[in-house]
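Q: only geometry, no sequence info:
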């Protein structure tokens, strides 16, 4: 018996391969990537393809990312020997802190010798350390130091050139203060600025070093007379302005033994004074950004270190600070002679291989 004839199925027409989804436009992709909470994950994403790397390393994207995701505190730096004390578990910054302990070099032996012996850290900002080499005879006269900037992770450094003779004002110099100038939106990620405030007998002079132009150069940014600020002229070695802080592209210094601030607007390059609440003469003052155009002010007694710190807020109107400082919080302090903290700078993003620490005095 013959087997039944099986029907032959008709050949199916060749089907088209499924279409690949359209590539996301850069603006939409940026909206997705900027929501990645972990900087380490974002760093790994940037290695996935060329387009991801190009987008993630764009300065505009990085500025937006760091404004949404403040980096973790990684640890503390001891001012005396500049040793690094990493954050301890269960703090989320502990693993990265331990990695920095193994990778970074805070000895600064790799920085060439200056005119005198030894390099001493005076500021840490955005992963870089500002070093000064001090004249041993500075007890007799004020001499500007040699300066260098280095990266403890990469061991790279830059020796800053001396301030030109026409800008040094050393013949009338009574005191100086040098530190990093906060970066601005236009700054390249690899560039930095150093600001030096020189207390001369008749005037106050600010000169700024910018690394963006080749090997870098100094330029006078602003100057004013003590008389125009209605402040006393400095005597030898006296520090009339102290405790610098930064907010909304303005630098602030507390006037020694007065309830006043000196303000330097980095946009207009103009100095002015700001009146504080009464009885702030013997208090450390730090100005911060409260948000929405408001200023915050930490106030802590110089001598009573164990006393609570006070936090005030004030409104800026047309670039001017209202005199109505409102007490917002009282912060208990530990019983100790003094405290010096290095913490993560809140407006920089941490990727593996970069160190972001900021110094605050309390």
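A: Sure thing, it's come through. Model, not experiment: these values are computed from the prediction.
Q: where does the stretch 51-200 of the chain dip in pLDDT?
A: Low-confidence segments of the stretch 51-200 of the chain (pLDDT under 70): 79, 138-140, 165-171, 183-189.
Q: which residues in it form strands?
A: Secondary structure of the stretch 51-200 of the chain (DSSP state E, counting those that start in this stretch): strands at 75-77, 84-86, 120-125, 128-133, 146-150, 157-159, 173-181, 193-200.
Q: redo these as CSV? Include distance to residue 275 and mean neighbour count.
A: Every residue, glycine included, has its C-beta placed from N, CA and C. Listed next are the strands of the stretch 51-200 of the chain as CSV, based on distance: least, CB to CB, whole Å; neighbours: other CB atoms under 10 Å:
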stretch, distance to residue 275, mean neighbour count
strand 75-77, 35, 21
strand 84-86, 39, 17
strand 120-125, 28, 19
strand 128-133, 31, 22
strand 146-150, 34, 21
strand 157-159, 40, 17
strand 173-181, 22, 19
strand 193-200, 21, 22
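Q: out of those strands, nearest to residue 272?
A: strand 193-200 (15.0 Å; CB to CB).
Q: just checking, what packs against the helix or strand that the closest one is followed by?
A: On the C-terminal side of strand 193-200, the closest following helix or strand by DSSP states H and E is strand 203-210. Contacts defined by 3 or more CB pairs under 8 Å, 6 or more residues apart in numbering; DSSP states H and E place strand 203-210 against strand 193-200, strand 217-225.
Q: and strand 203-210 with strand 193-200, angle?
A: 160 degrees (axes from the mean of the first three to the mean of the last three CA atoms, to 10 degrees).
Q: next, give phi and psi for the closest residue to residue 135 other than its chain neighbours.
A: Closest residue to residue 135 apart from its sequence neighbours, by CB to CB, 6 or more residues apart in numbering: residue 143 at 4.0 Å. Note on residue 143: its backbone torsions stand at phi -120, psi 130 [degrees, to the nearest 10].
Q: burial count for the closest residue to residue 173 other than its chain neighbours?
A: The shortest distance from residue 173 to any non-neighbouring residue, by CB to CB, 6+ apart, is to residue 142 (4.6 Å). Neighbours of residue 142 under the rule other CB atoms under 10 Å: 18.
Q: how far away is residue 142 from residue 243?
A: 20 Å (CB to CB, to the nearest Å).
Q: what do you get for residue 68?
A: Distance, residue 68 to residue 243, using CB to CB: 30 Å.
Q: of these two, who's got more company?
A: More crowded of residue 68 and residue 243, by other CB under 10 Å: residue 243, with 20 against 10.
Q: my guess is the more buried one contacts residue 285. True?
A: Yes - counting by CB atoms under 8 Å, residue 243 touches residue 285, with 5.8 Å between them.
Q: and for the two, which residues touch both?
A: Residues touching both residue 243 and residue 285 (CB atoms under 8 Å, 6 or more residues apart in numbering): residue 254.
Q: in a markdown table: the helices and strands packed on strand 203-210, plus distance to residue 130.
A: Below are the helices and strands packed on strand 203-210 laid out as a markdown table (distance: least, CB to CB, whole Å):
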| stretch | distance to residue 130 |
| --- | --- |
| strand 193-200 | 6 |
| strand 217-225 | 14 |
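Q: those: which one's closest to residue 147?
A: Nearest to residue 147, of all those, is strand 193-200, at 6.8 Å by CB to CB.
Q: helices or strands up against that closest one?
A: Using 3+ CB pairs under 8 Å, 6+ apart: strand 193-200 touches strand 173-181, strand 203-210, strand 241-247.
Q: switch those over to TSV; also include distance to residue 277.
A: Putting these into TSV (distance: least, CB to CB, whole Å) gives the following:
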stretch	distance to residue 277
strand 173-181	24
strand 203-210	24
strand 241-247	16
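Q: among the helices and strands packed on strand 203-210, which comes closest to residue 333?
A: Here strand 193-200 is closest among the helices and strands packed on strand 203-210 (CB to CB), at 27.9 Å.
Q: and the host helix or strand of residue 271 with strand 203-210, angle?
A: According to DSSP H and E, residue 271 maps onto strand 270-275. Counting by the same axes, to 10 degrees, strand 270-275 points 120 degrees away from the direction of strand 203-210.
Q: sheet-wise, list the partners of strand 270-275 with their directions.
A: Using DSSP bridges, strand 270-275 pairs in its sheet with strand 260-265 (antiparallel).
Q: quick one: mean pLDDT over the partner strand.
A: Per-residue pLDDT over strand 260-265 has a mean of 92.
Q: return the set of buried residues in that strand.
A: Of all the residues in strand 260-265, those buried under the rule 16 or more other CB atoms under 10 Å are 260, 261, 262, 263, 264.
Q: could you do stretch 260-279 as well?
A: Neighbour counts using 16+ other CB under 10 Å place 260, 261, 262, 263, 264, 266, 271, 272, 274, 276, 277 of stretch 260-279 among the buried residues.
Q: contact partners for the third one?
A: For residue 262, the contacting residues are 204, 229, 231, 241, 252, 253, 255, 271, 272, 273, 274, taking CB under 8 Å, 6+ apart as the criterion.
Q: and if you look at the last one?
A: Shown here is residue 277, whose contacts under the criterion CB under 8 Å, 6+ apart are 259, 299, 312, 325.
Q: for the first one, grab the count of nearby residues.
A: Per other CB under 10 Å, the neighbour tally for residue 259 reads 17.
Q: now do the residue positioned nearest the centre of the chain against residue 224, distance only.
A: In the chain, the residue lying closest to the centroid (CA atoms, centre = their mean) is residue 125, at 4.3 Å. Separation of residue 125 from residue 224 (CB to CB) stands at 25 Å.
Q: repeat for residue 301
A: In terms of CB to CB, residue 301 sits 29 Å off from residue 224.
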